[in-house]
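>>> need a structure here:
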Amino acid sequence: MDINEYLSLTANYNGEIMPVGDVKVPALDRAFLFGDAVYEVIRVYNGHFLHLKDHLARLKTSLFSLKISGADINEIELQLNRTLDASRLKNALAYVQVTRGVAPRTHYYPLHYTPNCFMFFTPFDDPFAEQRKTGVKAVFHPDIRWGRNDIKATSLAANCIAASFAREQDCMEVVFYNNDNYISEGSHTSLFGIKDGKLLLTPASKHILPGITKKQIIELACIKNIPTAEARLTRDEVLELDEFFLSGTPEEIIGIVQVDETIIGKGRPGPITNCLHEAFREVIAQFKSG
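Have a look, this model is predicted:
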């Protein structure tokens, strides 16, 4: 999609539906000046939002964490549905962002402000189908992000640095690791290990985003009788896994078959990774078009 197509996408700014290219964001909006905003990306399958309530709950938590008040989650849900209808898209990604709004430029939070809400819909089917069959490569990268990665904030410069580094290395994603050599997550995805038939999850903390797809994977593992355990994996332990995979709203579930120069497992998406994705797709199949 080129930029002109992007600018023609259906958007909504503070309740007014218009093309993305017609949205005018004030120069003094704190999202523009400081990245003082939160966001969500929600998948639409056959005209239905997937896990909309979970995404809105996480958005509400992010707003609370940054002390952004005045945004009405019920109104945001209403506007998402209005904008989806206006877009006429059946399979899409919905992006919704709430900023603190316009205020004099000061680092501390202003006493008086009115949040701005921006959303738009991008056509999206499944661009990762082939990569899901073959698996993808990843590369280790030091975690240079701030200390509150549990907040889905728009201040993503460090994530962009890491994602660009991965692309330069012909990799789909990075595997972040901290000063103690423990891994956390990717630049925009959650990470899972599999060892001896057990699904290994990085423990929840302020350094980890509570992924919506991650939550679903845990539920699917329970349904499929796949044992799970929390585990803090080191870089060396990652390289010794039987399977390794990432998850995210756009990506769903994709096997990681190589990290740096080391092949993971048998060098192809493993049986548990495939089983979980098949179960994920069974859930999606319940959404009927129309």
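>>> Which residue ranges of the stretch 1-150 of the chain form strands?
Along the stretch 1-150 of the chain, counting by DSSP state E, counting those that start in this stretch, strands occupy 10-13, 16-19, 37-45, 48-49, 92-99, 116-123, 136-142.
>>> need the contact list for residue 74.
Going by C-beta atoms under 8 Å, 6 or more residues apart in numbering, residue 74 touches no other residue. Bear in mind the C-beta positions are built from the backbone N, C-alpha and C, glycine included.
>>> Equivalent analysis for the one 5 residues further on, please.
Residues in contact with residue 79 (C-beta under 8 Å, 6+ apart) are 12, 15, 117, 119.
>>> just to revisit the earlier point, tabulate the strands of the stretch 1-150 of the chain (CSV), appending distance to residue 287 and mean pLDDT.
As requested, the strands of the stretch 1-150 of the chain are exported to CSV (distance: least, C-beta to C-beta, whole Å; pLDDT from 0 to 100):
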stretch, distance to residue 287, mean pLDDT
strand 10-13, 20, 98
strand 16-19, 24, 98
strand 37-45, 5, 98
strand 48-49, 4, 98
strand 92-99, 13, 98
strand 116-123, 16, 98
strand 136-142, 26, 98
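>>> and the ones you listed as TSV, adding distance to residue 233?
Below are these laid out as TSV (distance: least, C-beta to C-beta, whole Å):
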stretch	distance to residue 233
strand 10-13	40
strand 16-19	45
strand 37-45	26
strand 48-49	33
strand 92-99	30
strand 116-123	33
strand 136-142	12
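>>> export those to CSV and tack on distance to residue 218 and mean neighbour count?
Below are the strands of the stretch 1-150 of the chain laid out as CSV (distance: least, C-beta to C-beta, whole Å; neighbours: other C-beta atoms under 10 Å):
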stretch, distance to residue 218, mean neighbour count
strand 10-13, 32, 21
strand 16-19, 36, 13
strand 37-45, 18, 22
strand 48-49, 20, 18
strand 92-99, 23, 22
strand 116-123, 28, 20
strand 136-142, 21, 19
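>>> closest one to residue 200 among those strands?
strand 136-142 (15.9 Å; C-beta to C-beta).
>>> helices or strands up against that closest one?
Here strand 136-142 touches helix 157-168, strand 173-177, strand 243-248, strand 252-259, going by 3 or more C-beta pairs under 8 Å, 6 or more residues apart in numbering; DSSP states H and E.
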